[in-house]
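Asker: For reference, the sequence and a predicted model appear below.
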Amino acid sequence: MAETPHISLIVPVKDEEEAIAGFVARVGGVLDGLRGADGGALPWEILFVDDGSQDATLAVIMAANARDRRIVGISLSRNFGKEAALSAGLDTVRGQAVVPIDVDLQDPPEVIGAMLDQWRQGYEVVYGVRRNRMTDSLPKRLTADLYYRAHNWLSEDKIPEHAGDFRLLDRKVVDVIRAMPERNRFMKGLFAWGGFRQTAVEYDRAERAIGTTKFNYIKLWKLAIDGLTSASTVPLRVWSYMGAVIAVVALAYAAYLIGRTILYGVDVAGYASMMVAVLFLGGVQLLSLGVLGEYVGRILIEAKGRPIYVIRERIGIEKTDCEAVGG
């Protein structure tokens, strides 16, 4: 095994056999150029987390490890999702500074040097913030902006706008996140909840050159729901308040109908308005039950207590006590 690294990169991958070689070549050069306070080279490692790939991703990782022992990997038993893969990476890496980064190189690895500079100044979390989102489509820009605003309005754990998982985490932060036992893991929310001294480094995000993104709108929607329900109970309280308002309005309307009947007799008209009211209240009830169901479903998952992930194979790295949570 290579020497204990000073900086560790976590790279979740799924069906990325074509992207790994280019990533290793570019990122390895960047990491080799980093220097410590004494001017010496910094020991580093790149940990690939194979999240249930169906192509030759695992074989490519093994070949990279055979050429360079600083490149290691773990292979999960199936596709658990990016949040679980990141958790597996955090449980496995050994560096004092840890950087999650995507293999598509849209987040430029050259920014890691600026992150290290901020880390040496005492910041425990240095997150990358995109200067703009012009490489995204208009619908994605609008939905992303709406999501960040909605999340930060509803949740007490504010997440930095237009900041992804690309960030530097001090070992202290990594240990705190690893100690969080929940199975529904929205990593941006966990990073925010942990606190510590945080600062940002701006960068321009490039377009993806190799392969295609594995995040479609359905997965992004699920991630957004996970983020809101894991960080806030405001959606539940909203329906309590709305129910109270509707009940007050209904009581007032009932009082009006009773008074009108007493004064003017029975009126059989009003079928249409009655149906509108019934359908509206039925829709509100179903919607509120859906919100409640989202929370109850997550309680069920937490109650099962299953591991967040299962490791099937390790490449160039031995099992450590760090993997007790998930492996």
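Answerer: Received the coordinates, thanks.

Asker: Tell me the pLDDT of Arg227.
Answerer: If you look again at residue 227, you'll see it is Gly, not Arg. The score at Gly227 is 68. That number is its pLDDT.

Asker: what ranges do the strands span in the stretch 201-327 of the chain?
Answerer: Secondary structure of the stretch 201-327 of the chain (DSSP state E, counting those that start in this stretch): strands at 311-315.

Asker: got any ranges where it has weak pLDDT?
Answerer: Low-confidence segments of the stretch 201-327 of the chain (pLDDT under 70): 208-217, 227-228, 230-234, 236-237, 239-240, 265-273, 275-276, 319-327.

Asker: Quick check: next helix or strand after the helix or strand containing Ile74?
Answerer: Using DSSP states H and E, Ile74 falls within strand 71-76. Under the assignment DSSP H and E, the closest C-terminal helix or strand after strand 71-76 is helix 82-92.

Asker: quick one, that following helix and strand 71-76 angle?
Answerer: Interaxial angle, helix 82-92 versus strand 71-76 (axes from the mean of the first three to the mean of the last three CA atoms, to 10 degrees): 130 degrees.

Asker: I'd like the numbering to begin with 3 instead of 1 from here.
Answerer: New numbering, starting at 3: the last item is helix 84-94.

Asker: Could I get the average pLDDT for helix 84-94?
Answerer: Mean predicted lDDT for helix 84-94 stands at 89.

Asker: helices or strands next to the following helix or strand past it in the packing?
Answerer: As assigned by DSSP H and E, the chain's next helix or strand after helix 84-94 is strand 99-102. Where contact means 3 or more CB pairs under 8 Å, 6 or more residues apart in numbering; DSSP states H and E, strand 99-102 is packed against strand 9-15, helix 84-94, helix 113-122, strand 165-172, helix 173-180. The C-beta positions use only the backbone N, C-alpha and C, and glycine is treated the same way.

Asker: Next, count neighbours for Ala226.
Answerer: Neighbours of Ala226 under the rule other CB atoms under 10 Å: 17.

Asker: do you know how far it is from Leu156?
Answerer: Relative to Leu156, Ala226 is positioned 11 Å away (CB to CB, to the nearest Å).

Asker: repeat for Gln98
Answerer: For Gln98, the distance to Leu156 (CB to CB) stands at 35 Å.

Asker: so how far is stretch 56-65 off the chain centroid?
Answerer: Put simply, stretch 56-65 sits 25 Å off its chain's centre (CA atoms, centre = their mean, to the nearest Å).

Asker: returning to that earlier point: CSV for the helices and strands packed on strand 99-102, including distance to Gly35 and mean neighbour count?
Answerer: What follows is the helices and strands packed on strand 99-102, written out as CSV (distance: least, CB to CB, whole Å; neighbours: other CB atoms under 10 Å):
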stretch, distance to Gly35, mean neighbour count
strand 9-15, 12, 26
helix 84-94, 23, 25
helix 113-122, 8, 19
strand 165-172, 16, 22
helix 173-180, 22, 18
